[in-house]
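A.B. asks: Need a 3D model of the following:
(one chain, ligands or ions: 3)
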Amino acid sequence: GGPASLSRFRGALVAAVLGDCVGGEFEGAEEVPMESVLQHLNGLDDETKGEGILEYSDDTAMARCVVQSLLTRTGFDEQDMARRFAKEYSASPGRGYGSGVIQVLKKLSSPQLSDVYQPARDQFNGRGSFGNGGAMRAAPFALAFPDLADVKRFARRGAMLTHSCSLGYNGAVLQALAVHLSLQGALDLPQQFISRLITEMEEVEEDEAARNDARILKEAEMPFSDRLHRVRDLMDRSKVSIEEVISELGNGIAALHSVPTAIFCVLHCLQPRKCLPENYSGLERTIAYSLALGGDTDTIACMAGAIAGAHYGIEAVPQSWMRCCEGAQDADINAERLHMLYHQSSQGG
Ligand code: R7I
Ligand code: MG
Ligand code: MG
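C.D. replies: Residues are numbered from 1 along each chain as shown. Ligands and ions are numbered 1, 2, ... in the order given. Take a look at the predicted model:
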């Protein structure tokens, strides 16, 4: 489809759910042979498997809260979003939330709370979390706001409800930016896509708070921009091993060690790869490759899925995968609603 077509919205939201659901199998695994990945994915074609057998985790649970909040409030409302996170957690605490964020979610449910951003600020001795929990639920911001400045601003504020460290919330900004650009068809020109992300993140990381966090955590001066340069170096190479991807970009629970990695997975899988089945669509390649990296597989596949889904559209999503994953149908319906919201706002509303 053309830029910001319905198919791209559906692809983005559905593939994020699929990445989370199929990635859950390998989360935390140190080494994941591609053989095991393909076996797991081929098993999804099995008709005897029931509907929605693969459950979604916190990644999707929180993204659903973001979607519902943006739709009901027709825009960003931090009070409403915070309330939804808290309610979702107390209704379903067993979705595999990060160990730190649970404290934030408990505090967010207190009726006495006056500043919804305060619990996140109290994390990790007042520095805030740098986990990827803000980034894993950032895609819907790109599907709700057509304007780039809105995408950046609201993705940051939405992440700050749980992640007040810049290395956490800037991961969410980067993920939302990647989905935004992909939705416009920017992945047709991969070199320009990555250059654009670097330019945008250099501007984002100019910020004083970001520089300060990077210094304290002994990261590069502009950590995300730095990693995106590594992504560009890796994508220019004809051959890259999984070990190199992990050592250059990471596959961990920190936003810095997973968002650039997810972006690389998408770029790397734009073309057919020897290690992946020939009959796979680009979207299937992206998710399979994300799982083969091991580590935080549900989250990396979820983020890569959103970016890739916005590029390839819903036609690239296998029906059999969709049937097996809890919440995939809901995502498909919500994508249509977000598509309407997005196009309403772009008509100057
Ligand atoms: O970021 P968050 O929501 O976790 C998301 C991840 C995804 O992989 C999900 O699929 C789920 O499995 O969890 O949760 P946080 O608790 O904020 O951060 C995740 C972890 O990162 C924490 O439990 C810490 O181990 C680590 N971490 C930190 N450690 C030391 N200092 C995050 N920030 C810090 C820090 O400042
Ligand atoms: Mg998870
Ligand atoms: Mg995870």
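A.B. asks: near ligand 3, which residues of this structure show up?
C.D. replies: Proximity of the chain to ligand 3 is confined to 296, 298-299 under the rule Cβ under 5 Å from the ion. To be clear about C-beta, it is placed using only N, CA and C from the backbone, and glycine gets the same treatment.
A.B. asks: Tell me which entries of those lie within strands.
C.D. replies: For the residues of the chain next to ligand 3, not one is inside strands, with DSSP state E as the criterion.
A.B. asks: Name the nearest of those residues relative to ligand 3.
C.D. replies: Thr299 (3.4 Å; Cβ to the ion).
A.B. asks: give me the number of residues near Met303?
C.D. replies: As a burial measure, Met303 scores 35 neighbours (other Cβ atoms under 10 Å).
A.B. asks: residues touching it, list them.
C.D. replies: Shown in contact with Met303 (Cβ atoms under 8 Å, 6 or more residues apart in numbering): 16, 19, 132, 135-136, 138-139, 175, 258-259, 262.
A.B. asks: rerun at 10 Å
C.D. replies: Contact partners of Met303, counting by Cβ atoms under 10 Å, 6 or more residues apart in numbering, are 16, 19-20, 59, 132, 135-139, 171, 174-175, 178-179, 255, 258-259, 261-263, 265-266, 290, 296.
A.B. asks: just checking: which of those residues also lie near ligand 2?
C.D. replies: For ligand 2, the contacts drawn from the contacts of Met303 by Cβ under 5 Å from the ion are Asp59.
A.B. asks: so of the contacts of Met303, which ones are in strands?
C.D. replies: Among those, DSSP E puts none in strands.
A.B. asks: May I ask which of the residues of the chain next to ligand 3 has the most neighbours?
C.D. replies: Of all those, the highest neighbour tally under other Cβ under 10 Å goes to Thr299, namely 33 neighbours.
A.B. asks: which element follows whichever helix or strand Ala12 is part of toward the C-terminus?
C.D. replies: Assigned by DSSP states H and E, Ala12 belongs to helix 6-23. Note on helix 6-23: by DSSP H and E, the next helix or strand toward the C-terminus is helix 34-42.
A.B. asks: Can you mark which positions in stretch 107-122 are buried?
C.D. replies: Within stretch 107-122, the residues that count as buried by 16 or more other Cβ atoms under 10 Å are 107-108, 113, 116, 119-120.
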